[in-house]
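Engineer: Model the following, please.
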Amino acid sequence: MFESFNVPGLYIAVQAVLALAASWTSRQVGERTLTGTVIDSGDGVTHVIPVAEGYVIGSCIKHIPIAGRDITYFTQQLLREREVGIPPEQSLETAKAVKERFSYVCPDLVKEFNKYDTDGSKWIKQYTGINNISKKEFTVDVGYERFLGPEIFFHPEFANPDFTQPISEVVDEVIQNCPIDVRRPLYKVTLYPFPFPYFVTLQPPFKMD
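Structural biologist: Below is the predicted model of the structure:
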């Protein structure tokens with residue numbers, strides 16, 4: 001196939017390594033390095049991957065059963081408990097849209113609750129959808145769901161009582177299992193292209209730890 005299309009060159013790399021290379025475009029990155037810890041989260045599973053000098057330390061990779069789908073389901077549950085105007089057959093679709101448009105990770109959960117309680121009009125957003133059956137508009141107020149959805153990475157017991165280890169502890173455990181000479185640079189660079197292209201205000205995964 002490559003001969004047919006006259007491909008001049010081909011380079012195959014692990015996604016975690018490419019994520020580290022892509023981070024060089026950020027203004028916040030002062031040193032270009034291929035050593036770091038990458039949190040790679042998709043729809044169904046999240047992996048914490050240590051990379052040293054461009055090589056993945058495969059024996060130290062860990063995965064956790066919390067990912068983007070769980071955020072959607074948890075947001076759906078929160079909206080169902082509070083919003084009666086959402087068409088039942090569209091609750092999952094609405095939760096996904098709310099997650100993608102409004103969600104973010106907060107640095108301090110208690111302070112975030114206080115912000116919404118003291119000045120709700122500033123922080124509460126509105127989502128407007130169309131009922132697929134009646135074709136009428138419905139409106140949903142989006143409050144605590146904005147930050148409680150992503151919070152399951154730091155308090156997984158909110159969504160999964162069988163798994164209670166926060167992402168910060170998983171990252172620490174992964175790095176501690178790596179050779180001692182690479183631990184410091186692994187702590188220094190932590191990337192999280194986890195299911196958050198949406199969460200532009202994402203804080204470092206250690207938050208207040």
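Engineer: Could I get the average pLDDT for the helix or strand harbouring residue 168?
Structural biologist: In this structure, residue 168 is located in helix 167-176 according to DSSP states H and E. The predicted model gives helix 167-176 an average pLDDT of 94.
Engineer: Tell me which residues are up against it.
Structural biologist: Residues from elsewhere that reach helix 167-176, judged by C-beta atoms under 8 Å, 6 or more residues apart in numbering: 37, 39, 46, 48-50, 60-62, 64, 66, 153-154, 183, 186-187, 190, 205-207, 209. No exception for glycine: its C-beta is placed from N, CA and C like everyone else's.
Engineer: Sort out for me which of those residues are in strands.
Structural biologist: Of the positions in these, 37, 39, 46, 48, 49, 50, 62, 64, 190 sit in strands, assigned by DSSP state E.
Engineer: buried subset of those?
Structural biologist: For the ones in strands among the contacts of helix 167-176, a neighbour count by 16 or more other C-beta atoms under 10 Å gives the buried set as 37, 39, 46, 48, 49, 50, 64, 190.
Engineer: Out of those residues, the closest to residue 131 would be?
Structural biologist: Sorting these by distance to residue 131 puts residue 46 at the head of the list, at 34.0 Å, by C-beta to C-beta.
Engineer: circling back to that earlier point, and the buried ones among the ones in strands among the contacts of helix 167-176 as TSV, adding distance to residue 76?
Structural biologist: Output for these, formatted as TSV (distance: C-beta to C-beta, whole Å):
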residue	distance to residue 76
37	30
39	23
46	19
48	26
49	29
50	33
64	20
190	29
